[in-house]
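[1] predicted model follows, preceded by the sequence.
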Amino acid sequence: MSDKKLEDAVPDAPRHVLRDGTKIPQLGLGTYPMDDTEAEALIPEALWRGYRLVDTAVNYGNELGVGRGIKASEINRDDIFLTTKLPGRDHGTDSVRRSLEGSLERLGTDHVDLYLIHWPNPSVDRYVESWQTMIELRDQGLAKSIGVSNFLPEHLLRLERETGEMPVINQVELHPQYQQELLREFHAEHKIVTEAWSPLGRKTDILQHEWIADIARKQGRTPAQVILRWHIQSNILPIPKTSNVTRMAENLDVFDWDLTDEQMRRLKMLHTGLSGSGFDPNEHEEL
Ligand SMILES: NC(=O)c1ccc[n+]([C@@H]2O[C@H](COP(=O)([O-])OP(=O)(O)OC[C@H]3O[C@@H](n4cnc5c(N)ncnc54)[C@H](OP(=O)(O)O)[C@@H]3O)[C@@H](O)[C@H]2O)c1
């Protein structure tokens, strides 16, 4: 298949509208743990298959490869929604600007579409001043939208209290085994989009669960598609990672069919409250 045909083969994912008016695809590609070489080769493959949202971070060590892959795809930069994240070691009023400028240089672009604080690192207690600088960087056009990752309601409320501005998105671990219902309700009340990392439950056995296999059989779909469709119907934005081009297309093919209400009810019952990572945002220190 030629590249042009690949580009035509899968329609772009539909979009959520963030509170700031920005449109973001309803499903994206995760890039951890791709290295630069892998990312450079795989990002064009994903973009040609219809992905328009790419999720990276300073701490993935692949921003250079992601940027090169975007260029190599020859798809217009304005049509791509690019996310990167501020690492813990760069929290602080002055270091945030330096950190984002470094990311932009590696990514080969003059702005990111979404800039996230990777973890709150509350024991360091510099996420509020970092957020204040991110507001300024957003206002200067270096990031179109700003948000956070792994924040709890208490962290989000503190941002609003001390800076007057809530994030438009919170990227958190979320999959059928760990459904984060209370956090999602809080997000909905505050018009924060819930973005799911480990949406397929990496480090859990959820992809192998017999109920998911059963629903997949009945739908003529794969277990991964069932889980990703559950995210879409639950108004959650998943960013599954795959380095396999066949799975790239499989994971994006979740927009023109529905799980039944009964299937959604069964999937809701898979929640055990057990996170795959075991990371507690109040204690985890992202360096
Ligand atoms: N903000 C944060 O703190 C944070 C933390 C972790 C991750 N993230 C982001 O979230 C992204 C996704 O999370 P994740 O990588 O932890 O987990 P994930 O997307 O739930 O799972 C990825 C794993 O599932 C496999 N996989 C993908 N598609 C599949 C399919 N259709 N069938 C079977 N297996 C499939 C992948 O293997 P193959 O590659 O071999 O297909 C990989 O091993 C990351 O890449 C990263 O961008 C953010």
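    Ah, there it is. Numbering: from 1, shown residues only.

[2] use CA for all of it now, contacts and neighbours both
    OK.

[3] quick check: residues of this protein near the ligand?
    When proximity is defined as Cα under 6 Å from any ligand atom, the chain approaches the ligand at 30-32, 55-56, 118, 149, 171, 197-202, 224, 239-244, 247, 250-251.

[4] and the strands in the stretch 1-150 of the chain?
    Along the stretch 1-150 of the chain, counting by DSSP state E, counting those that start in this stretch, strands occupy 15-17, 23-25, 29-30, 53-55, 81-86, 112-117, 143-149.

[5] need these in a markdown table with mean neighbour count and mean pLDDT, can you?
    Rendered in a markdown table, the data for the strands of the stretch 1-150 of the chain read as follows (neighbours: other Cα atoms under 10 Å; pLDDT from 0 to 100):
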| stretch | mean neighbour count | mean pLDDT |
| --- | --- | --- |
| strand 15-17 | 14 | 96 |
| strand 23-25 | 19 | 98 |
| strand 29-30 | 22 | 98 |
| strand 53-55 | 23 | 98 |
| strand 81-86 | 24 | 98 |
| strand 112-117 | 25 | 98 |
| strand 143-149 | 24 | 98 |
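
[6] would you turn those into TSV with distance to Leu228?
    Listed next are the strands of the stretch 1-150 of the chain as TSV, based on distance: least, Cα to Cα, whole Å:
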stretch	distance to Leu228
strand 15-17	15
strand 23-25	14
strand 29-30	12
strand 53-55	15
strand 81-86	19
strand 112-117	22
strand 143-149	20
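
[7] in the stretch 51-200 of the chain, which spans are helices?
    Here the stretch 51-200 of the chain has its helices, by DSSP state H, counting those that start in this stretch, at 63-73, 93-107, 127-139, 153-163, 181-189.

[8] got the angle between the fourth one and strand 143-149?
    Angle, helix 153-163 to strand 143-149, by axes from the mean of the first three to the mean of the last three Cα atoms, to 10 degrees: 140 degrees.

[9] how about residues contacting helix 153-163?
    By Cα atoms under 8 Å, 6 or more residues apart in numbering, the list of residues contacting helix 153-163 from outside reads 120, 128, 131-132, 165-167, 183, 186.
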